[in-house]
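J.: sequence? don't have it. structure:
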């Protein structure tokens, strides 16, 4: 089967600093891929390249066979199919919860308001925020904001969801509510690429773990392989630091 | 309409709270033990100052000698007692409250009643001064020649040239209001030119156009901000005049009726405000977190949609106080337009000064009118931004 997302030889620098040094990665339809690695290893940059929020210098990103880096592709059209959830939520501050979810479907996909609102309410209900549809998005808690952000992305009916450290800005006690939503999403068969530091979550939910170090993919495999029997010394080192903090 | 009314209703309270905040800090030491005495001390100072206004005129109260003597004797006793208490407080410091004779309940009661009396005297003196003021204004209004004393001359000239002053005031308000509105509309256009940034996905000719737009807007802001508005007024007036004489067959009178001083002045204020407001709006757009744009783009919205539906509405809301400030600045800065003959308030004051060969009183009148206008409008704008929960700028903004 043709992979939904196929990355070939991806390179990216910020000034003199080379952040991605040739990344090759395939994501199959329905697969949940977690990218782990130390801070500064390039995993967030890789994720942001996947919908071209960062523009890579070289390499290809094929989404359903279409190259995103090609200047002639309809980037806005492809981005509709690639949902993204940010570490800092990035809810639209000038809109309430419902309008956050209906803005893009109405303005981009030209869906009538009523239909867009029905879809939005359905997704907000699924993330447990039915009572907050008229709330000011700035007044929600971090966990609520992130769940709205997930619902907002789902309203575009994406084929793949990218999560950029979705729980890193949250208080430890509310990380769970966001992870629950993501777990449900994975169970429904959504294709997901998740950059995370939540090792227990990665181990439980993902089909494949990708370990990144200094701009390259050092090791990948099933959770059992990577967590149970890491091949690379650096992977072992990285994981042991987490094992000291939390029992996996 | 309801919002407008409720803003009007909350204005007096807001003003009092504002004044209160400034005074409290200074008052704390003196007022700690005898608030009544402190307040009436202020009243005494006020009374003293009031007596010196029109010091050679007496109204219903000050012309009654025995009453005045009694009242002033009372004030003197009160002031001396208060002074003694203050000295005692300085000397005893912490022990003042427990040990001083000024802190017994009887002394406190006496101080309270004394302060009521002092306030009564102040109120009487104030009423007396208002009485004198009304009498003066009435008599000045009936005069045929310009009186000599400063205040009387000011009132006389203002009263007899009131239509000119009012025309000037009305023109100033129109210039400031419409100048700000037109300037704002132009500024929105300018800021969209200004924020164009070429991306690597743009075709070469698009990149070129974007750079051109952005450079043009930056150049415009630099030129306007780097030259005096008075000079701009001259240039705009003569450029407009030149265009009409070169390209039409109109006579000078006809040109002046179309390209009037007022229109040229309004153009100047608008173009000027456009430059400043476009910088304000640009700052507003840049202050919006990049994550807002990223979120919009990640949902498939175009750069234009992200700007129009997400970033710009937020930037605009943050810019509302600055737009109000621009209006206040325009009220003051439109005064330079008297140089091209726009009959605004400054022009009116200068004209009246020329008619009577008396300068200072008329300029003081104009200053008072400007001050009243700017104070009212800035109080109104502060109330408005507080209602919209925006950051407020205290006081009156300075010129561009």
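T.: All right, it came through fine. Nothing here was measured: the structure is a model prediction, and the numbers come from that model.
J.: tell me which element the residue of chain A positioned farthest from its centre is part of?
T.: Checked against the mean C-alpha position of chain A, the extreme residue using CA atoms, centre = their mean is residue A:114, at a distance of 28.4 Å. Element membership for residue A:114, per DSSP states H and E: helix A:113-126.
J.: taking the mean pLDDT, what do you get for that helix?
T.: If you average the pLDDT over helix A:113-126, you get 95.
J.: Three-state assignment for the most centrally placed residue in chain A, please.
T.: The centre of chain A sits closest to residue A:163, judged by CA atoms, centre = their mean, with a distance of 1.7 Å. Secondary structure, DSSP: H, G, I helix; E, B strand; the rest coil: residue A:163 is strand.
J.: Can you tell me the closest non-neighbouring residue to it?
T.: residue A:194 (4.3 Å; CB to CB, 6 or more residues apart in numbering or on different chains). The C-beta positions use only the backbone N, C-alpha and C, and glycine is treated the same way.
J.: quick one, what contacts the one you found?
T.: A:32, A:33, A:34, A:35, A:162, A:163, A:166, A:182, A:202, A:205, A:206 (CB atoms under 8 Å, 6 or more residues apart in numbering or on different chains).
J.: Poorly predicted segments of chain A, please.
T.: For chain A, the stretches flagged by pLDDT under 70 are A:243-248.
J.: tell me which parts of it are close to chain B?
T.: A:51, A:53, A:55, A:71, A:75-80, A:82-84, A:86, A:88-94, A:103-104, A:107-109, A:149, A:152-153, A:156 (CB under 8 Å from any CB of the partner chain).
J.: Make a ChimeraX selection of whichever of those residues turn out to be buried.
T.: Selecting the buried subset of these in ChimeraX, with 16 or more other CB atoms under 10 Å in any protein chain shown as the burial test, is done by:
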select /A:51,53,75,78,79,80,82,83,84,86,88,89,90,91,92,93,94,103,104,107,108,149,152,153,156
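J.: And the helices in the stretch 101-250 of chain B, which stretches?
T.: B:105-142, B:150-160, B:162-194, B:204-225, B:229-247 (DSSP state H, counting those that start in this stretch).
J.: The residue nearest to residue A:163 sits in which helix or strand?
T.: With DSSP H and E as criterion, residue A:194 is part of strand A:191-195.
J.: Provide the strand pairings for that strand, with the direction of each partner.
T.: strand A:32-36 (parallel), strand A:160-164 (parallel) (DSSP bridges).
J.: Switch the helices of the stretch 101-250 of chain B over to JSON lines; also include mean pLDDT, mean neighbour count and distance to chain A.
T.: Compiled in JSON lines, those are given as follows (pLDDT from 0 to 100; neighbours: other CB atoms under 10 Å in any protein chain shown; distance: least, CB to the nearest CB, whole Å):
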{"stretch": "helix B:105-142", "mean pLDDT": "86", "mean neighbour count": "16", "distance to chain A": "47"}
{"stretch": "helix B:150-160", "mean pLDDT": "91", "mean neighbour count": "19", "distance to chain A": "48"}
{"stretch": "helix B:162-194", "mean pLDDT": "95", "mean neighbour count": "19", "distance to chain A": "17"}
{"stretch": "helix B:204-225", "mean pLDDT": "94", "mean neighbour count": "14", "distance to chain A": "11"}
{"stretch": "helix B:229-247", "mean pLDDT": "93", "mean neighbour count": "15", "distance to chain A": "34"}
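J.: Nearest to residue B:57, out of these?
T.: Across those, residue B:57 has its closest neighbour in helix B:105-142 (4.6 Å, CB to CB).
J.: on contacts alone, who are the packing partners of that closest one?
T.: Secondary-structure packing of helix B:105-142 (3 or more CB pairs under 8 Å, 6 or more residues apart in numbering or on different chains; DSSP states H and E): helix B:35-52, helix B:65-92, helix B:150-160.
J.: If I look at residue B:30, what pLDDT would I see?
T.: pLDDT, residue B:30: 60.
J.: whoops, residue B:65 was the one
T.: So, for residue B:65, pLDDT stands at 80.
J.: Also the one 10 residues further on?
T.: Residue-level confidence at residue B:75 comes out at 83, pLDDT.
J.: That one: what's it in contact with?
T.: Residue B:75 neighbours (CB under 8 Å, 6+ apart): B:44, B:47, B:118, B:121.
J.: can you pull the buried residues of the longest helix that chain A contains?
T.: In chain A, with assignment by DSSP state H, the single longest helix is helix A:172-187. Burial within helix A:172-187, assessed by neighbour count using 16+ other CB under 10 Å, is assigned to A:174, A:175, A:177, A:178, A:179, A:181, A:182, A:185, A:186.
J.: quick one on the thing from earlier: next, find the distance separating the residue farthest from the centre of chain A from chain B.
T.: From residue A:114 across to chain B, the span is 19 Å (CB to the nearest CB, to the nearest Å).
J.: now that residue: how far from residue A:125?
T.: Applying CB to CB, to the nearest Å, the value for residue A:114 to residue A:125 is 16 Å.
J.: Ok, residue B:351 next?
T.: Distance from residue B:351 to residue A:125, by CB to CB: 72 Å.
J.: Compare these two (neighbour count), which wins?
T.: Using other CB atoms under 10 Å in any protein chain shown as the criterion, residue B:351 and residue A:125 rank with residue B:351 on top: 17 against 13.
J.: Can you name the residues that contact the more buried one?
T.: B:161, B:164.
J.: circling back: now do the longest helix of chain A and strand A:32-36, the angle between them.
T.: Inter-element angle recorded for helix A:172-187 and strand A:32-36: 140 degrees (by axes from the mean of the first three to the mean of the last three CA atoms, to 10 degrees).
J.: what does the stretch 201-350 of chain B have sitting close to chain A?
T.: Going by CB under 8 Å from any CB, the residues of the stretch 201-350 of chain B near chain A are B:201, B:289, B:291-292, B:294-302, B:305, B:309-310, B:313-314, B:317.
J.: contact partners of stretch B:303-320?
T.: Contacts of stretch B:303-320 (CB under 8 Å, 6+ apart): A:92-94, A:103, A:107-108, B:192, B:195, B:277, B:280-281, B:284-285, B:287-288, B:292-293, B:295-297, B:301, B:384-385, B:388, B:390.
J.: show me what contacts residue 160?
T.: Defaulting to chain A. Residues in contact with residue A:160, defined by CB under 8 Å, 6+ apart, are A:4, A:5, A:27, A:63, A:81, A:82, A:83, A:190, A:191, A:192, A:193.
J.: meant chain B actually
T.: For residue B:160, counting by CB under 8 Å, 6+ apart, there are no contacting residues.
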